[in-house]
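1. output the structure for:
(2 chains)
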Protein chains: 2
Amino acid sequence: MPEVITAVEAADIRFPTSRELDGSDAMNPEPDYSAAYVTLRTSEGGEGHGLAFTIGRGNEVEVAAIEALASLVVGLDVEELLSDLGAFSRRLTGDSQLRWLGPAKGAIHMAAAAIVNAAWDLYGRREEKPVWRLLSEMTPEQLVALVDFRYLRDALTPAEALEILRAAEPGRAERTRLLLERGYPAYTTTPGWLGYTDDKLVRLSKEAVAEGFTQIKLKVGADPAADERRLRLAREAVGPGTRIAVDANQAWGVQEAVERMAALAAHDPYWIEEPTSPDDILGHAAIRRGIAPVKVATGEHCHNQVMFKQLLQAGAIDILQLDASRVAGVTENVAILLLAAKFGVPVCPHAGGVGLCEMVQHLSMFDYVAVSATTENRVIEYVDHLHEHFTDPVRLRDGRYLAPTAPGIGARLHARSAADHTYPDGPVWATELQESAQ
Amino acid sequence: MPEVITAVEAADIRFPTSRELDGSDAMNPEPDYSAAYVTLRTSEGGEGHGLAFTIGRGNEVEVAAIEALASLVVGLDVEELLSDLGAFSRRLTGDSQLRWLGPAKGAIHMAAAAIVNAAWDLYGRREEKPVWRLLSEMTPEQLVALVDFRYLRDALTPAEALEILRAAEPGRAERTRLLLERGYPAYTTTPGWLGYTDDKLVRLSKEAVAEGFTQIKLKVGADPAADERRLRLAREAVGPGTRIAVDANQAWGVQEAVERMAALAAHDPYWIEEPTSPDDILGHAAIRRGIAPVKVATGEHCHNQVMFKQLLQAGAIDILQLDASRVAGVTENVAILLLAAKFGVPVCPHAGGVGLCEMVQHLSMFDYVAVSATTENRVIEYVDHLHEHFTDPVRLRDGRYLAPTAPGIGARLHARSAADHTYPDGPVWATELQESAQ
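-> Next up, the predicted model:
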């Protein structure tokens, strides 16, 4: 009997982060960081875990979307599935009826991400390797076979992708060694949430520098005077040598973004992240022209590889911020890393949320070993929330992510954490909802 | 006691259209046309109906998304809601937690569309007017107040929108009269589904001309030789004077689209619809440059006004095909009509599906009366499926939509049709599923 997938379980897991205003920004004042949490099970007792990150209400819609995709997965031969993860991804994103809900965007695409990443996790567990290592040991041909080139060829051909990967092949072993020794550079968003007081901002900014971070990030996009004051305070706290990125979380229009950034320029912001609608490719290009040399970064809400392709073609971004679970998981992110390498744009992934740090580090590390072959001007976002709920939490030292050694992609929750935070019936929410009803 | 919204009901309604290959195209071989069907109820017994159109599997995800939005609607004061439908739309699309599932795209945005259109339907029923008329009688200032300009100002300012509407104001009464007398031009997609035989294609093409249509549409994007043969047969059937649009339903890459259209050019196709990914603004622009004078049309999967803004800014389209329930309903479509008018691009709405003809005619008729003030090169798609299930079906005469006179937006299903086609427990599906299980 061949091993088959026997179940795709989806759980609604939510953390009541809005209590502390952790994660508060210009567009998301009170998020409850949540995960539509997937467990793949096989007939031989194998498991794989992935998740779609949301910020509270609507997490149940993600669960429904995962359940809608499940029928495409249950019963599949595991060996076959893992031997062609490109085909598996296309199976999930290409179902003719379900793709109508996107196509390749929104709830149904994030659901595909959760399942695709769970499949990569299962693969890693079977091979007893972290996913970054699994990817880094694939041949250029195997990696190119993961990519769906249908809409990419005008920017990146299979031959070009192969060339990029082959050029990086000779140094793979040495870079793997360096990565295991030194880790990968990080920056921290912990100091800069919009809901924090000035005192907390200053204290956390200083702590970040002391911990070895060379870049921090501040949320902006609310009151202009407050933006200026907070950036000034942070600049005074960290000194001129530490990069400070700012993040407007889509709050502005195009011209408004240019004007608002002009008002902050004196304090030397490094990049402006999500200055406007994540869909506005031409708008980002106009903003970039208007605020240089300050850099433009976006990507956490960029919904698929076709959008990233255009951001690159239009010269709209200096920094590409892919997300582990917004596009369709590891497989689509391999395509996005190749696009970024083709256009010479550094990738600085979005992280934070629930498990995003744990998952996305694998992509940056693979990029370093086998794609761009550099960490220059590349940093992975770090936020110090909720890691304790994962069985293989990220490990940081001196402002760098240490390369994970545990098998899989890092998205597995402690069973107790999952049970406690199940919505609405887990004990944390039963209490929370009871209190708010009083 | 003020009148309030007491319920937002969402029903999963599906029609087993895959039996007959009605609606079959290059990307959607076996659709079961479906609706996540919304009923708004008020404390005074008022009702409003809207729907999100899907093609089968995943309709339950739309239902979940509508239910997620319902808590933002139940309890609202009806007078207040209807007096500021712009604010109501922003309430649905701007909820900080739920917008994470988009933002402004995919399942959650289509759910907003269904509810927004139901609110416009409720408004029309209260005023005893069809929605096109309701819109056409609003002042330019009231119409501009519907628009969310946050991300639009670089292409369209409130002052420019006002100018467009004021310029069209003097002729409103005369155009209303003409519309009631003559209706609005239509084209038909009925002959050209990919699953139809050549004989059926030829017969239906001839019938379309006999019925007064001056434009038909064919699905392409499968086998190149079949595309060429079918277009040739259709051209022979209708003669040189009838426009034939072709529709690839996203099947091609950018260069591929240019090549495939070159192979069809001898048969004088009028426009190519959805030649590639609906997200590929720059790709559509490149295709347009590559195939002129054949026109490029897209929009049925264009997920929001920011994408339409860029399609126009980039000179990517000759024809803008808005959809009644892909963007957030009437309110966002008012913005899209204004953008199209600003850029001088004709709007030829997507229709067909379930109830799309019924709803979208209101937008084109409003456009004619109060925005673009012309029907030149403008046609509404027509497909002759499933109208019998609606209480106020579209009426066509001589290839033209007659202006609806019934109050509301036209999305109300017969109670019996809804009950029969409820998935999975309605009698039609109970039988269907029982048969397929045997």
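2. show me which residues of the stretch 151-300 of chain A sit near chain B.
-> Selection of the stretch 151-300 of chain A residues close to chain B by C-beta under 8 Å from any C-beta of the partner chain yields A:151-154, A:250, A:253-256, A:276-283, A:286. Where C-beta positions appear, they are placed from N, C-alpha and C, glycine not excepted.
3. one more time with 10 Å
-> Counting by C-beta under 10 Å from any C-beta of the partner chain, the residues of the stretch 151-300 of chain A close to chain B are A:151-155, A:249-258, A:276-283, A:286-287.
4. filter the residues you listed down to the buried ones.
-> Burial by neighbour count, 16 or more other C-beta atoms under 10 Å in any protein chain shown: within those this picks out A:151-152, A:154-155, A:249-254, A:256-258, A:276-283, A:286-287.
5. chain A - how does it break down into domains?
-> A:5-145, A:166-416 (automatic domain parsing).
6. in chain A, which residue sits nearest chain B?
-> Nearest residue of chain A to chain B (C-beta to the nearest C-beta) works out as A:Gly106 at 1.5 Å.
7. contact partners for that residue?
-> A:61-62, A:65, A:303, A:326, B:61, B:65, B:101-110, B:303 (C-beta atoms under 10 Å, 6 or more residues apart in numbering or on different chains).
8. try it again with 7 Å
-> Contacts were defined as C-beta atoms under 7 Å, 6 or more residues apart in numbering or on different chains; by that measure A:Gly106 touches A:His303, B:Leu101, B:Gly102, B:Lys105, B:Gly106, B:Ala107, B:Ile108, B:His109.
9. so how far is B:Lys295 from A:His389?
-> Noted for A:His389: a distance of 54 Å to B:Lys295, by C-beta to C-beta, to the nearest Å.
10. can you list the low-confidence ranges for chain A?
-> A:21-23, A:438 (pLDDT under 70).
11. tell me which stretches of it form strands.
-> Taking DSSP state E, the strands of chain A run over residues A:5-14, A:34-42, A:47-54, A:184-192, A:215-219, A:243-247, A:269-273, A:295-298, A:319-320, A:380-382, A:396-397, A:400-401.
12. the third one packs against which elements?
-> Using 3 or more C-beta pairs under 7 Å, 6 or more residues apart in numbering or on different chains; DSSP states H and E as the contact criterion, the secondary-structure elements in contact with strand A:47-54 are strand A:34-42, helix A:106-127.
13. rebuild those as JSON lines, extending it with distance to A:Ala70.
-> Converted to JSON lines, these look like this (distance: least, C-beta to C-beta, whole Å):
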{"stretch": "strand A:34-42", "distance to A:Ala70": "9"}
{"stretch": "helix A:106-127", "distance to A:Ala70": "8"}
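14. which of those sits most buried?
-> helix A:106-127 (a mean of 28; mean count of other C-beta atoms under 10 Å in any protein chain shown).
15. tell me who's in contact with A:Arg19.
-> No contacts exist for A:Arg19 under C-beta under 7 Å, 6+ apart.
16. do you know how far it is from A:Ala155?
-> 44 Å.
17. state the distance from the spatially most central residue of chain A to A:Tyr382.
-> Nearest to the geometric centre of chain A sits A:Asp323, at 2.5 Å (C-alpha atoms, centre = their mean). Computed as C-beta to C-beta, the A:Asp323 to A:Tyr382 distance reads 14 Å.
18. who are the contact partners of A:Thr39?
-> With the criterion set at C-beta under 7 Å, 6+ apart, A:Thr39 makes contact with A:Glu9, A:Glu47, A:His49.
19. got JSON lines for the residues you listed, with distance to B:Ala419 and neighbour count too?
-> Shown next, in JSON lines, are the contacts of A:Thr39 (distance: C-beta to C-beta, whole Å; neighbours: other C-beta atoms under 10 Å in any protein chain shown):
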{"residue": "A:Glu9", "distance to B:Ala419": "33", "neighbour count": "16"}
{"residue": "A:Glu47", "distance to B:Ala419": "42", "neighbour count": "16"}
{"residue": "A:His49", "distance to B:Ala419": "41", "neighbour count": "26"}
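20. for B:Arg203, state which of those is nearest.
-> For the contacts of A:Thr39, the minimum distance to B:Arg203 (C-beta to C-beta) is 50.8 Å, reached by A:Glu9.
21. and the spatially closest residue to the closest one that is not a sequence neighbour, what are its bridge partners?
-> Among residues not flanking A:Glu9 along the chain, A:Thr39 sits closest, at 4.4 Å (C-beta to C-beta, 6 or more residues apart in numbering or on different chains). Note on A:Thr39: beta-bridge partners by DSSP bridges are A:Glu9, A:His49.
22. which residue ranges of the stretch 101-250 of chain A form helices?
-> In the stretch 101-250 of chain A, the helices defined using DSSP state H, counting those that start in this stretch lie at A:106-127, A:131-136, A:140-146, A:158-168, A:172-182, A:198-210, A:224-238.
23. looking at the ones you listed, which is closest to B:Pro346?
-> That would be helix A:106-127 among these, by C-beta to C-beta, at 28.5 Å.
24. got the angle between that closest one and strand A:5-14?
-> 120 degrees (axes from the mean of the first three to the mean of the last three C-alpha atoms, to 10 degrees).
25. so which of the domains of chain A is nearest B:Thr214?
-> domain A:5-145 (29.6 Å).
26. what's the first-to-last distance across the closest one?
-> With C-alpha to C-alpha, to the nearest Å as the measure, domain A:5-145 spans 23 Å from end to end.
27. so A:Ala112 sits against A:Gly94, correct?
-> No. Judged on C-beta atoms under 7 Å, A:Ala112 makes no contact with A:Gly94 at a distance of 9.7 Å.
28. OK, contacts around A:Ala114?
-> Counted by C-beta under 7 Å, 6+ apart, A:Ala114 has contacts A:Ala36, A:Val38, A:Gly50, A:Leu51, A:Ala52, A:Ile66, A:Ser325.
29. can we see that at 8 Å?
-> Residues near A:Ala114 by C-beta atoms under 8 Å, 6 or more residues apart in numbering or on different chains: A:Ala10, A:Ala36, A:Tyr37, A:Val38, A:Gly50, A:Leu51, A:Ala52, A:Glu62, A:Ile66, A:Ser325, A:Gly329.
30. what's the answer for A:Arg99, then?
-> Here A:Arg99 is in contact with A:Thr93, A:Ile108, B:Met27 (criterion: C-beta under 8 Å, 6+ apart).
31. what sits closest to A:Val258 if chain neighbours are left out?
-> Using C-beta to C-beta, 6+ apart and skipping the chain neighbours, the partner closest in space to A:Val258 is A:Gly290 (3.8 Å).
32. nope, A:Ala419 is what I was after
-> A:Gly426 (6.0 Å).
33. report the buried residues of stretch A:292-306.
-> A:294-306.
34. quick one: the residues you listed as CSV, columns for distance to B:His421 too.
-> Formatted as CSV, those follow (distance: C-beta to C-beta, whole Å):
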residue, distance to B:His421
A:Val294, 55
A:Lys295, 53
A:Val296, 49
A:Ala297, 47
A:Thr298, 42
A:Gly299, 41
A:Glu300, 39
A:His301, 36
A:Cys302, 37
A:His303, 31
A:Asn304, 32
A:Gln305, 37
A:Val306, 34
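35. was I right about A:Ile164 contacting A:Phe343?
-> No. Using C-beta atoms under 8 Å, A:Ile164 is not in contact with A:Phe343, being 10.9 Å away.
36. higher neighbour count, the two?
-> A side-by-side neighbour count of A:Ile164 and A:Phe343, using other C-beta atoms under 10 Å in any protein chain shown, places A:Ile164 first with 21 against 17.
37. quick one, what contacts the more buried one?
-> Counting by C-beta under 8 Å, 6+ apart, A:Ile164 has contacts A:Leu338, A:Ala341, A:Lys342, A:Val371.
38. recalculate using a threshold of 10 Å.
-> Contacts of A:Ile164 (C-beta under 10 Å, 6+ apart): A:140, A:143-144, A:156, A:337-339, A:341-342, A:370-373.
39. buried subset of those residues?
-> A:140, A:143-144, A:156, A:337-339, A:341-342, A:370-373.
40. of the residues you listed, closest to B:Gly410?
-> A:Leu339 (43.5 Å).
41. and of the helices and strands packed on strand A:47-54, who's closest to A:Gly410?
-> helix A:106-127 (7.9 Å).
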